[in-house]
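Enquirer: got a structure for you, letters missing:
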DNA sequence: GCCGGTAGTGCGCATTGCACAGTACTGTGC
DNA sequence: GCACAGTACTGTGCAATGCGCACTACCGGC
């Protein structure tokens, strides 16, 4: 009964979606994902995903000082990231639809 | 643009759902999943999942001879499997709903 | 006999989410 | 001044899992 595996391959899209709203930094992305309902998301997963996406060329990055703590490393979508987001979002929707079809009889019973 | 990661943690549920309709064997489960829309599912993944679920005590297993080829190892749900199916299906639905919320603005734009 | 379809097993890899430890800065309370 | 909680990021290493690939093996048709 562990939901953690459900995130596999989907955390990318979730992070991209959050960044699509507005630029953000790791710690804040974690907070926003948890507020959105992904309560079990691990912080290291998000930081790792951000670094991976950046390394893949999907994100821009800039550091901003903060007077409430250490510096914040902001990330934002570039064209590659936006393309990946729309592509992945479409794939997710199709996939989710397929899964719902498969599971609809389960819910019926 | 690889959809394979989406299956992570979900193939279990998909396989359980297919077996919930009726008992089946590996090769047939692969076919039925592909027909259902999971076209990219690998055969080794399904065989592995079946073995894993069986080892976890969620499935029964019996061998049936076939005159169209080699023997078939049928699998069926037991009470543990049915419980896992309903539990996982519920989790999936909640998760999918959360993801749809996160992505709804993406589709809007 | 060979080949394509059917059916299963085993090996090893790549991806990826996560736990955990460590670093570092800020403000509060003592 | 110092412990402590909250903020913020990094690095290491592990575990789960889907998949490619090779292999075995049985069948029918050419």
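Expert: Sure thing, it's come through. Remember, it's a predicted structure, so these values are computed and weren't measured experimentally.
Enquirer: tell me which parts of chain A are close to DNA strand D?
Expert: A:5, A:8, A:25-28, A:43-44, A:47-48, A:50-51, A:66, A:68-74 (CB under 7 Å from any atom of the strand). Yep, even glycine has a C-beta here, placed from its N, CA and C like the rest.
Enquirer: Only the buried subset of these, as a PyMOL command please.
Expert: Buried residues among the residues of chain A next to DNA strand D (16 or more other CB atoms under 10 Å in any protein chain shown), as a PyMOL selection:
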select buried, chain A and resi 25+26+28+47+50+72+73+74
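Enquirer: From the residues of chain A next to DNA strand D, which land in helices?
Expert: When these are checked against helices using DSSP state H, the ones located there are A:26, A:27, A:28, A:43, A:44, A:47, A:48, A:50, A:51.
Enquirer: what's the spacing between residue A:19 and DNA strand C?
Expert: Spatial separation of residue A:19 from DNA strand C under the definition CB to the nearest atom of the strand, to the nearest Å is 15 Å.
Enquirer: does any part of the lowest-mean-pLDDT helix or strand in chain A sit near DNA strand C?
Expert: For chain A, counting by mean pLDDT, DSSP states H and E, helix A:79-108 ranks last in confidence among helices and strands (a mean of 91). No: remark: helix A:79-108 sits outside contact range of DNA strand C, by CB under 7 Å from any atom of the strand, the gap being at least 10.3 Å.
Enquirer: Which residues in that helix does the neighbour count mark as buried?
Expert: Of the residues in helix A:79-108, those scored as buried under the neighbour-count criterion (16+ other CB under 10 Å) are A:81-82, A:84-86, A:88-89, A:91-93, A:95-96, A:98-99, A:102-103, A:106.
Enquirer: list the contacts for residue A:29?
Expert: A:15, A:18, A:19, A:46, A:50, A:75 (CB atoms under 8 Å, 6 or more residues apart in numbering or on different chains).
Enquirer: can we see that at 10 Å?
Expert: Contact criterion CB atoms under 10 Å, 6 or more residues apart in numbering or on different chains gives A:14, A:15, A:18, A:19, A:41, A:43, A:46, A:47, A:49, A:50, A:75 as the residues in contact with residue A:29.
Enquirer: which among those end up buried?
Expert: Buried residues within those, defined by neighbour count using 16+ other CB under 10 Å: A:14, A:15, A:18, A:19, A:41, A:46, A:47, A:49, A:50, A:75.
Enquirer: Does the spatially most central residue of chain A lie in a helix or a strand, and which?
Expert: Most central residue of chain A, judged by C-alpha distance to the mean C-alpha position with CA atoms, centre = their mean, is residue A:15 at 1.9 Å. Under the criterion of DSSP states H and E, residue A:15 resides in helix A:11-21.
Enquirer: Understood, closing this out.
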